[in-house]
Structures are given as structure tokens and as C-alpha cells.
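Student: here is a sequence with its predicted model. Questions after.
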Amino acid sequence: MAIEHHEMGEPRGEGVRHQSTFFIGIIYDGVLDNLRKTINSITRQNYSSPQLDLKVFYEEGQLPSVKTDMALQYIAFESQNDFFQKFANSIESSKAEYCTVFNSGDCFFDHSIGMVNRVFEDYPVIDWLTGIQTLKSANGFNVIFGSLATRRWNYGIFERNLYKNSSRYIPPGSTFWRKSLWKKAGDQLYFVSAKSFYDDLWLGFFKAAELYTSNIYFSSTWNYEVKKMKESSKSIQYPLIEDGFLAKAQEFFFLNNIPYLRLFYKRKNKLVPVIRYDHKLQSCFLNDY
Amino acid sequence: MQFPKISIVTVSLNGARYLEECICSILEQDYPALEYIIVDGGSTDGSMDIIRKYADKISLVISEPDKGPGEALNKGFAKATGDIMGWLNTDDRLHPKSLFAVAEIFNSFQNVDWMMGFPSWFSATGLCVNEIYYNRDKLYYSPSYINDNLHLKFARWSKWRFAMGDFSAIQQESVFWRKSLWDKTGGCVKEGLIAYDLELWTRFFEHAQLYTCNVLVGGFRIHGNQISFNQHQRYTNESRTFINTFREKMFDHNFEYRLRINLARAAKPFYYYNIPGLKNIYPRLLNLPPYIIYDFMEGKFAIAQD
């Protein structure tokens, strides 16, 4: 429990680094107030507007009110008809280097886009990454859940969790990828249905690159997402699978952080290091935990 | 929903660098029954200009020299009229809408006299991080704490656990209490100390259980110039003294006490690692209170048992 005192230099701040362009896709739910909250969390990022390529995907008939309300010039609007194709075209035509997509009502934590930019710059090995996400209550406060261990993934873990109908999931809005990964995963991307959009996207990415997890809060999910997830998990019929006793035990040791025994699961699944924040150097580093 | 009046005191002395973020984190909540008091001890770095910018939303500004943060806090709390109280230092922040969670908890559970949100930390630039991982070479806490501290069980205390010295992360920025508890325990913080928060907790523990919830309420900013960093040895020494005094006052050091503490120490890994059948020994030996969780399906807070 030693606490050491260190002198810290002046904060370098995310703003002084090169700001790469981000594509942010927002799936509009028809509630203007939710979209306002999302856009507000983006404009609070201190990230220059030309470096943000925002596109709101709306359902037919919802455009007029949204467009007149959103005065920001760098937001584009597109209908959700033929969504997968339009989403793919938007990313391909965007000049962005990094991308993310989430639902309106979800919000970024302050400075998260700048930090994602920095992680991608510092670690070329990382093609996509995810962070800590909270659930937002009806009153707007942030509710925490899960541990870092429950947020570590590879293709096998992700697929098994889908088939186990597990509540563990990779949060959109807290998950960012390089545009080059989109191209790399191109042949692997099969969108089955709107309800499994994120699952299909992540499965395609997993086939092309490992997902890195960080200990930084990137976004909060509006609570309706929880209900939607439950509906979604009921509607998507994956054949259920049962893990054997040994697999269950290894997962238990890992998720409960039991020293040494947790390593069986980590090694079996060949998990990549986690991204941790170093308060002294004000940057992230890869920690082989 | 009824909104109890919440009084927050911020003590300022040349903390202009982060002051505006601190003020905005409180005012942007738009909590309808907020009483916000700022006590400035004579800043010369432009802090007062920042305070003036928000003067119409701040309930009271006291600007006069003081003998330290303890005295300044006491000045502020002496003027506070809220049912719920807390303080926020100039370099720290509240999380969005967290005051609504605080209000809802105190409204819902009349037996809760003081509570703590789930601990979180801000970087110097305002990034929110879920672990204290100060430096890649030096760990702040033991690896088991660091690597899984999103589990709510690490942030639960009873007077027993507190007396064991397991007090490191009662995060002051996330703590709120009822005025009745404040009045019962003397109605002041002890002046001339730097571990005055910890000293206050010892008095609170004499009268009430601390309840923790799974909501982000406040966060501690790590920038290296905090008093608890710069005068760390003094902070540690003061803390040890208060804990020892508290332990002697609250417990007879008889065979039963020693047996219970030692059994709890032995049972701690079972609790931390969630070992079925054994995990509940530790909380029972130490009388840990249940924690408060937000139930999304019901849309309200609930008490969760082990």
C-alpha cells in the first residue's frame, strides 16, 4: 500500500496533439432531447469541429424538426432506409481516420475523444478499442456496473457470450476503430438484421483484429438501451450452449480476479494487454495484466 | 420527486486552474434546491474573477483570509441551511446529475444518514478513470484492488472495517450526509489538520453506518499538487492517529475483538474473490452495511444484501 510522491510536469493536454478526424454515427431514436444531449457531449470535447464528421441516421418523417434544431454545420443527416449500405458508404466516403457509432441519448465523457485519438497515435498495433461505460438513469446520473475483467474480449469469448445469451456486451460509443480496420474487415462484415447490428459489426472486426480494453470511462448509455438490449436478446435466437465445468471454473477465476488461477483463462484465450492511464505521464500504456 | 435542499461548500485559495470546472460540475446539474457556498481565503490568481462570473447562481461567497481549509469549511457550513451537506474542493468535480441521485437516496432511505457514491478519479486534463493507477512503475494500491475495483464490495465500510485501518478510499468528493448527523457530531471539521476529512468520518462512524451506492457522484482529480500528495507523510501520520484513537474509543481490546478482527483478516480473500459459501464471512464479522443499487427495471434505488 505504498504511496509515493512524484513531481508532475505541466499537463500536456490532449489539445496540443495532432487531432485526427473522427466519424461519429448517431442512430436517432426520434426523441429530440436525447439527440441534443448526445450532440452536447460531443461539442464539450474540446475537439475542433472540422475534425469531427457527424452523421445522424433518422427514421423517415423525423428529419424536418431535427435538422432545424441542430444548427451545427458539420452534422449531416441521412435516412435509416437501407441503413447498412448507407452506414458503410458514410464511412467509406468520410475522410475520418477513426470511427464510432452509437444511439442518440448516449453521451461521451469529457475528453474521451481526445484520449482515443492519442491512444491510436501512440499504439499503431491497436486497430480498435473499448472503454468503461456507465448506464444513465432516467434522471441522467451514471450507474456503474461490471469490472474490467468482464470487458476483456476476443472473438471466441464474444461469440460464446452471444450463444450463452450473456448480459456482457461491447458498448457502442465506448468502442472506436480505425477506418483501416473497416477496410480490413470488409469481407467479414455481414449485417443480418438491425437488431443485431452491433453484434454483427463486432464479429466482423474480431475476425480482423484484437480488441483492446481500457480503464477509462468513454461514454454513458441511455437507459432505454438496457430495455432494447433485453428485447433484442429475446428476438435474436442463438442456439444456447453450455460451458463445461473446467471452462466455467476458469472463467470464474478470471472474472473474480483470483491471483494465478485467473491466468488459465487469460492464456487459454490469448488476451491482449489492457490500456491503462498513467496519471503521472498523463498518457496511456499497455499493461500485460 | 421531492428535492431536499443540498448545501455544498467549496473552499478556494489560489485554485483558479481547476476552479471553473469544479463550479460548473455543480451548477450544470440544474438541481432545483441547491445552496452553493464558496469560501475564498484571499486568492490572488484570478479565482475571484471566476467566482464573480457565476455569482448569480452561487448562494453565498465569503472572501476573507482564513487560517486554512478547516476554518474556511467551518465558515461555509455555519451558513449552510440545507438538509443534506457535502463539500467539493476546487480541483475536484461532481459527475453529471449526481445530486439527483443523492437526493433520491436520502429521500428513499430514512435510515441513511451518510452515503458515498462509487469512487472515481479525474486526470489533470479532466479524463475520468476508474482505477487509481498513478504511474506505470508505482502502484497506488495493491494489485488486487487496482485490477478489479469496479466491484462495489471494495468500497464498503462499517466502524469495524474502518477501525481495522481499511479506510483509504472513503472518497470525500462522493460523500454526502444529513444535517442532523452533522449537528449530532459537533457541527464542524477539526481545524489545523490536513486529514480533517478522515477525522470527520471517525465521528460519523460513532453514530451512523456509511452506505455506498453504485452511482458516480464525485471524482478526485490527480494532478500531483494536492495537499495529500505534497504532505503525504503528515496526512498518513494524522490518519493513523485518528484511527488508533477511534479504535480505542469504540472497542474494548478484549479477546472477542481480537478474534473477530483476525478472523476477518483471514476471511477477506474469500470476500474479495467471491468464493461461494465463504464470501459472506467477512461482511458478517465486520457488520458491513448493505449497499444501495439503482434498479433500472424499477427506476429507483434498492438495498442489496450480500
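Tutor: Received it, and whenever you're ready, just let me know what you need. For clarity, every value in this text was computed on a predicted model and none was experimentally measured.
Student: tell me which helix or strand of the chain sits lowest on mean pLDDT?
Tutor: Assuming you mean chain A. helix A:224-235 (a mean of 52; mean pLDDT, DSSP states H and E).
Student: think we crossed wires, I meant chain B
Tutor: That would be, for chain B by mean pLDDT, DSSP H and E, helix B:143-147 at a mean of 43.
Student: where exactly do the helices run in chain B?
Tutor: Counting by DSSP state H, chain B has helices at residues B:16-27, B:47-53, B:69-79, B:98-108, B:143-147, B:159-163, B:179-184, B:196-207, B:227-230, B:232-250, B:255-272, B:281-285.
Student: right, I mislabeled it, should have said the stretch 1-150 of chain A
Tutor: Listed in chain order, the helices of the stretch 1-150 of chain A (DSSP state H, counting those that start in this stretch) span A:32-43, A:63-69, A:83-93, A:112-122.
Student: so what's the residue count around whichever residue of the stretch 101-250 of chain A sits closest to chain B?
Tutor: Among the residues of the stretch 101-250 of chain A, A:Gly140 lies closest to chain B, at 3.7 Å counting by CB to the nearest CB. For every residue, glycine as well, the C-beta is placed using N, CA and C. Here the count is done by other CB atoms under 10 Å in any protein chain shown, and A:Gly140 has 19 residues near it.
Student: touching, it and B:Pro96? I think so.
Tutor: Yes. Judged on CB atoms under 8 Å, A:Gly140 makes contact with B:Pro96 at a distance of 6.1 Å.
Student: nearest residue to B:Arg260 in space, please, no chain neighbours.
Tutor: If the residues on either side of it in the chain are set aside, B:Arg260 comes closest to B:Leu285, at 5.5 Å by CB to CB, 6 or more residues apart in numbering or on different chains.
Student: and that neighbour, what does it touch?
Tutor: Residues in contact with B:Leu285, defined by CB atoms under 8 Å, 6 or more residues apart in numbering or on different chains, are B:Trp160, B:Arg260, B:Leu263, B:Ala264, B:Ala267.
Student: which bits of the stretch 151-289 of chain A sit near chain B?
Tutor: Applying CB under 8 Å from any CB of the partner chain, we find that the stretch 151-289 of chain A lies next to chain B at A:215-217, A:223, A:226, A:256-259, A:276-282, A:285, A:287, A:289.
Student: neighbouring contacts of stretch B:295-306?
Tutor: Residues contacting stretch B:295-306 (CB under 8 Å, 6+ apart): A:135, A:137-138, A:143, A:223, A:226, B:101, B:104-105, B:108-109, B:213, B:279-280, B:283, B:288, B:290-294.
Student: mind listing what's buried along that stretch?
Tutor: Within stretch B:295-306, the residues scored as buried using 16 or more other CB atoms under 10 Å in any protein chain shown are B:Phe296, B:Phe301.
Student: then stretch A:171-185?
Tutor: Under 16+ other CB under 10 Å, the buried positions of stretch A:171-185 are A:171-179, A:181-182, A:184-185.
Student: mind saving the C-alpha coords of that stretch as CSV?
Tutor: Taking Å, rounded to 0.1, in the frame of the first residue of the first chain, the C-alpha atoms of stretch A:171-185 are listed here in CSV:
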residue,chain,number,x,y,z
PRO,A,171,-20.8,-0.9,-25.7
PRO,A,172,-21.2,1.2,-28.9
GLY,A,173,-20.0,4.8,-28.2
SER,A,174,-17.3,3.4,-26.0
THR,A,175,-15.8,1.4,-28.9
PHE,A,176,-13.7,3.1,-31.6
TRP,A,177,-12.0,1.7,-34.6
ARG,A,178,-9.6,2.8,-37.3
LYS,A,179,-11.0,3.3,-40.7
SER,A,180,-8.3,0.9,-42.0
LEU,A,181,-9.9,-1.8,-39.8
TRP,A,182,-13.2,-1.3,-41.6
LYS,A,183,-11.4,-1.9,-44.9
LYS,A,184,-9.5,-4.9,-43.5
ALA,A,185,-12.7,-6.4,-42.1
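Student: quick one: name the residues of the stretch 201-306 of chain B near chain A.
Tutor: Counting by CB under 8 Å from any CB, the stretch 201-306 of chain B sits next to chain A at B:214-216, B:222-225, B:229-230, B:232, B:236, B:272-274, B:294, B:296, B:299.
Student: which among those count as buried?
Tutor: B:Asn214, B:Val215, B:Leu216, B:Ile222, B:His223, B:Gly224, B:Phe229, B:Tyr272, B:Tyr273, B:Asn274, B:Tyr294, B:Phe296.
Student: quick check: B:Pro289 touching B:Phe205?
Tutor: No. In this structure B:Pro289 lies outside contact range of B:Phe205 using CB under 8 Å: 11.2 Å.
Student: need the contact list for residue 31.
Tutor: Going with chain A. A:Ser104, A:Gly105.
Student: sorry, should have said chain B
Tutor: B:Phe3, B:Ile6, B:Leu99, B:Phe100, B:Ala103.
Student: number of residues surrounding residue 119?
Tutor: You didn't say which chain, so I picked chain A. Counted with other CB under 10 Å, residues neighbouring A:Val119 total 23.
Student: wrong one, chain B
Tutor: 25.
Student: thought it was touching B:Gln172?
Tutor: No. B:Pro119 is beyond contact range of B:Gln172, at 10.1 Å (criterion: CB under 8 Å).
Student: common neighbours of these two, please.
Tutor: By CB under 8 Å, 6+ apart, the residues touching both B:Pro119 and B:Gln172 are B:Phe220.
Student: what mean pLDDT does stretch A:188-206 have?
Tutor: When pLDDT is averaged over stretch A:188-206, the result is 86.
Student: that one: which residues count as buried?
Tutor: Neighbour counts using 16+ other CB under 10 Å place A:189, A:191, A:195-206 of stretch A:188-206 among the buried residues.
Student: rebuild those as a markdown table, extending it with secondary structure.
Tutor: Converted to a markdown table, these look like this (DSSP: H, G, I helix; E, B strand; the rest coil):
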| residue | secondary structure |
| --- | --- |
| A:Leu189 | coil |
| A:Phe191 | coil |
| A:Lys195 | helix |
| A:Ser196 | helix |
| A:Phe197 | helix |
| A:Tyr198 | helix |
| A:Asp199 | helix |
| A:Asp200 | helix |
| A:Leu201 | helix |
| A:Trp202 | helix |
| A:Leu203 | helix |
| A:Gly204 | helix |
| A:Phe205 | helix |
| A:Phe206 | helix |
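Student: among the helices of chain B, where is the model least confident on average?
Tutor: Lowest mean pLDDT within those: helix B:143-147, a mean of 43.
Student: of the contacts of stretch B:295-306, buried ones?
Tutor: Among the contacts of stretch B:295-306, those classed as buried by 16+ other CB under 10 Å are A:135, A:137, A:143, A:223, A:226, B:101, B:104-105, B:109, B:213, B:279-280, B:283, B:288, B:291-294.
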